[in-house]
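Trainee: here are the coordinates; sequence isn't available:
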């Protein structure tokens, strides 16, 4: 019989519901596994043993009484340290001056709690969920990276510390570390899972995702987390499907292969990819060769501009306050990898209540419910705004962002400086 820490989230939940597994014993097994592997992997920022044990005991009592909170009753989970948990500091992988202690759970965390999950603590992230690596190591080979920015979640699930972990992706921060660590990474459609209460990198691209060891666990996680959330203006109102039932008898997948990208692989990697393709075809998958459109390089460049603009629009205030410290903490930003010298990229999405964001009136902020003004019409035949180099505009022309702070005005397209 497999060790308890080897169980998937779905299998653990089934055993708990059947009375064959105690949440307390499962949490204890995970803690023992963490003690054995954490010195090598370094996946945890905060492991809250006492709180996890208390919640597990409560789940034990409820299970004995036949009161199950939800599909993840008694199952341990962990969170990338950019997700808000009430009363627990969120460090975002950054120095102490960037840490804060929220008073409300992120929507995704609240939904997992409501499903009966047992939060174990916070896992590492690259600083501000951007490019600079963190100290976490790949559990399969400590000399290798686990990938980022969701380094801790991928490594913790791969090392069997927890069966399910929340992460996030703006460009590749779920799928890349999942591939590096050999686990299942799931990134849904943008807005399918609310990002309220999660650190912002670029709100147009930010996704909440998760890591597991089985596809069934990802389907279960999506079923619990998907759904509209008024606190996130990008949240999708599309009805939630029965994702668990959808994988019970799945159709053969149709998989595209990008030959142009595979041609850039090293000989060893190319051979490995060919073997993967053969295995997928043997398993019944339909393999389709796909060519990238000519616009692909431009689309990628445009995406980088959107990321930079989103970051600059939302996070200039923190950079203005901590510019020197940010440059010291993040090589990516100091070397020009970020949006601009005026744009820091770390601030959680604020929950918009009936009367607007919960900020003092003296501190203006940008939230998901406040939209930027539309760009001016583009002349026929001119290149897309993302790659156009416009001539300086006259200062006499009015800026539509009448409430811009000075830090924004310098990069505003309506200003000459």
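Mentor: That came in fine, so what should we check first? In this text the structure is predicted, and so the values were computed from the model without any measurement.

Trainee: How about residue 8, nearest residue that isn't a chain neighbour?
Mentor: residue 214 (4.5 Å; CB to CB, 6 or more residues apart in numbering). Just so you know, the C-beta spots here come from the backbone N, C-alpha and C atoms, and that holds for glycine as well.

Trainee: no no, residue 147
Mentor: Distances taken as CB to CB, 6+ apart put residue 177 closest to residue 147, at 3.3 Å, once the chain neighbours are dropped.

Trainee: neighbours around the one you found, how many?
Mentor: 30 (other CB atoms under 10 Å).

Trainee: three-state assignment of it?
Mentor: Secondary structure assignment for residue 177 (DSSP: H, G, I helix; E, B strand; the rest coil): helix.

Trainee: Can you check the pLDDT for it?
Mentor: pLDDT for residue 177: 98.

Trainee: Could you do residue 143 as well?
Mentor: At residue 143, pLDDT is 96.

Trainee: State the distance from it to residue 44.
Mentor: 20 Å (CB to CB, to the nearest Å).

Trainee: Comparing these two, which residue is more hemmed in?
Mentor: residue 44 (21 against 6).

Trainee: so the more buried one sits right up against residue 31, yeah?
Mentor: No - using CB atoms under 8 Å, residue 44 makes no contact with residue 31, being 11.1 Å away.

Trainee: For residue 280, list the residues it contacts.
Mentor: 255, 287 (CB atoms under 8 Å, 6 or more residues apart in numbering).

Trainee: Would you quantify the distance from it to residue 252?
Mentor: Counting by CB to CB, the gap from residue 280 to residue 252 is 10 Å.

Trainee: can you check residue 178 too?
Mentor: 22 Å.

Trainee: Those two: who's more crowded?
Mentor: residue 178 (28 against 10).

Trainee: my read: that one touches residue 172, true?
Mentor: No - checked against CB under 8 Å, the pair residue 178 and residue 172 is beyond contact range at 9.8 Å.

Trainee: what pLDDT does residue 128 get?
Mentor: Listed pLDDT for residue 128 reads 86.

Trainee: Ramachandran coordinates for it?
Mentor: Reported as degrees, to the nearest 10, the phi and psi values for residue 128 are phi 60, psi 20.

Trainee: Next, count neighbours for it.
Mentor: Other residues within reach of residue 128, judged by other CB under 10 Å, total 29.

Trainee: Low-confidence ranges, this protein, go.
Mentor: 314, 327-417 (pLDDT under 70).

Trainee: 80 instead?
Mentor: For the chain, the stretches flagged by pLDDT under 80 are 1, 97, 311-319, 323-417.

Trainee: Tell me which stretches of it form helices.
Mentor: 9-18, 23-41, 49-64, 107-114, 151-158, 175-181, 215-225, 243-246, 259-262, 267-282, 296-329, 331-334, 406-409 (DSSP state H).

Trainee: And the contacts of the first one?
Mentor: Same thing as helix 9-18. Around helix 9-18, the neighbours that count as contacts under CB under 8 Å, 6+ apart are 4, 7, 21-23, 26, 59, 63, 68, 71-75, 77, 163-164, 212, 214, 216-217, 220-221.

Trainee: if you set the cut-off to 7 Å instead, what comes out?
Mentor: 21, 23, 26, 63, 68, 71-75, 163-164, 212, 214, 216-217, 220 (CB atoms under 7 Å, 6 or more residues apart in numbering).

Trainee: repeat for the second one
Mentor: With contact meaning CB under 7 Å, 6+ apart, helix 23-41 is reached by 3-5, 12, 16, 44, 47, 49, 52-53, 56-57, 59-60, 63, 74, 76, 118, 120, 136-137, 139, 142, 155, 159-162.

Trainee: 6 Å instead?
Mentor: If you take CB atoms under 6 Å, 6 or more residues apart in numbering as the criterion, helix 23-41 is touched by 4-5, 12, 16, 44, 52, 56-57, 59-60, 74, 76, 118, 137, 139, 142, 155, 159-162.

Trainee: Among those, the buried ones, what's the ChimeraX command?
Mentor: In ChimeraX syntax, the buried subset of those is picked out as below (16 or more other CB atoms under 10 Å):
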select :4,5,12,16,44,52,56,59,60,74,76,118,137,139,155,159,160,161,162
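
Trainee: List the contacts of the residue most central in space within the chain.
Mentor: By CA atoms, centre = their mean, the chain has its centre lying nearest to residue 168, at 0.4 Å. Listed by CB under 6 Å, 6+ apart, the contact partners of residue 168 are residue 208.
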